[in-house]
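Participant: pasted the sequence and its predicted model underneath.
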Amino acid sequence: MSSMSAELLASVDRFILNNGFDCTADLVAGDTVPAITSMIEKGQPNIVPEGAVDVVPALYKEGIENGKIVALSDPLSDASTQGLWVPRYMVDENPELATLAGILNHPELFPNPEDPSRGAIYNGAPGWGATIVTAQLYKANQMADRKFDLVDPGSLAGLDSAISRAYERKQGIVAYYWSPTGLLGRYAMVKVDLGVPHDPVEWTRCTTNAACADPKANAWAASDNVKTLVSKQFSDENGEIVEYLEKRELTKETINDMLAWMNENQATGEDAAQHFLTENPEIWSKWVSPEIAEKVKGAL
C-alpha cells in the first residue's frame, strides 16, 4: 500500500477479520502494480483492500478476464482523485496557475533545486502506476521543451517532504499527489486542469503504458477507480468474508477525518483502526452480522 487511506483500510480489515471472523490475517506492504501482479501470478496476497485499478488498466483487465482476481467493491465511495497539484496560495495570486498551460508558461515559479534555470514537476515514487502516467503526460505535453524537468522524489517520504517544505516556505511547487490523504487535508492544494478531457481509449493504449513511445495529452479520470480486490481462490473459499468486503466502504468525510486524526496523533494504521472502530460503530456494524459486531466490540 502506498497511501494512508490504504493503511487505515487494511488495518480495519485485519482487526475485523482476526477478531470477528477468527482469521489470522497479516499485513504485507506493497504498491498497486506489484500487489496486483502477484495476486494474478501467485494468488497472493489474498486481499488488496485499496487498489487503484485505473493506473493499471491492462493488468486489471487481464486478471479479471482470466479469472485470477475478483473486484468486490469501491471502498472509498465518493472520495478518490489524483493528478498534479499546486498550492492554493499560488493560484490565489495567479489564477492561470490552476491550469497546465499556465504552469508551463512559468518555469521560473517552480524552480528545480538541482538547476534553478529550469522548472520542476515532482513525480510519484518509483513502482507506482501513477508514476508511469505522470511520466507519459510529461512527454505528451512536451514539458522538457518548456524548460521543465521531471523530478524523481525517490520515495513517498521524499515527495511528502518536498511538498511540505515548499508549502511551509510559501514557495512554488507542482507535484503528483492524490486525495484522500492526510497531506492534502493539511495543506490547501488545487488540482491542475490539464486542458483536455479524460480519454479512456488513449489512457489504456498509451497513458498507462511505459513502453508506449507516442503518448497524447490526456487527463486523469474525474474519479479514480479504486477497488477492493481478492484472489479468485480466496473469493471461492470465503463467502462470509467476501460479503463483508462488498459492504465495507468509507465516505470522503469519514476518511478525511481519520487521516487528519492520524496526522495529528502520528498514529499508525493499527492505532487508527482501533480509534475508527471504537468511535464509529454505527458505520462499520452495518458491514457484518450482529454476532460478529459483538465479537469485534468485545476485542476493542
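Facilitator: Received it, and whenever you're ready, just let me know what you need.

Participant: ok, residue 194 - contacts?
Facilitator: 83, 84, 100, 137, 141, 217, 218, 219, 220 (C-beta atoms under 8 Å, 6 or more residues apart in numbering). No exception for glycine: its C-beta is placed from N, CA and C like everyone else's.

Participant: which residues of this structure fall in strands?
Facilitator: Along the chain, counting by DSSP state E, strands occupy 47-52, 69-73, 81-87, 111-112, 115-122, 148-151, 175-179, 189-191, 226-231.

Participant: buried sites along the fifth one?
Facilitator: Right, strand 115-122. 118, 119, 120, 121, 122 (16 or more other C-beta atoms under 10 Å).

Participant: can I get those residues in CSV with distance to residue 94 and pLDDT?
Facilitator: Formatted as CSV, these follow (distance: C-beta to C-beta, whole Å; pLDDT from 0 to 100):
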residue, distance to residue 94, pLDDT
118, 19, 97
119, 14, 98
120, 18, 98
121, 17, 98
122, 19, 98
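
Participant: what would these look like in JSON lines with distance to residue 168?
Facilitator: As requested, those are arranged in JSON lines below (distance: C-beta to C-beta, whole Å):
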{"residue": "118", "distance to residue 168": "23"}
{"residue": "119", "distance to residue 168": "20"}
{"residue": "120", "distance to residue 168": "17"}
{"residue": "121", "distance to residue 168": "20"}
{"residue": "122", "distance to residue 168": "16"}
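
Participant: so among the contacts of residue 194, which ones count as buried?
Facilitator: For those, buried by 16+ other C-beta under 10 Å: 83, 84, 100, 137, 141, 218, 219, 220.

Participant: and the one helix or strand in the chain whose mean pLDDT sits lowest, what does it pack onto?
Facilitator: Scoring the helices and strands of the chain by mean pLDDT, DSSP states H and E places helix 182-186 at the bottom, with a mean of 81. With contacts taken as 3 or more C-beta pairs under 8 Å, 6 or more residues apart in numbering; DSSP states H and E, helix 182-186 sits against helix 156-168, strand 175-179, helix 252-265.

Participant: recalculate using a threshold of 7 Å.
Facilitator: For helix 182-186, the elements it packs on are helix 252-265, judged by 3 or more C-beta pairs under 7 Å, 6 or more residues apart in numbering; DSSP states H and E.

Participant: could you tell me which residues within the helix it packs on count as buried?
Facilitator: 254, 255, 256, 257, 258, 259, 261, 262.

Participant: in contact with the residue of the chain positioned farthest from its centre, which residues?
Facilitator: Distance from the C-alpha centroid of the chain peaks at residue 291, with 33.1 Å (C-alpha atoms, centre = their mean). Residues near residue 291 by C-beta atoms under 7 Å, 6 or more residues apart in numbering: none.

Participant: okay, domains of this structure per the record?
Facilitator: Split into domains by automatic domain parsing, the chain comes to 4-77+225-299, 81-207.
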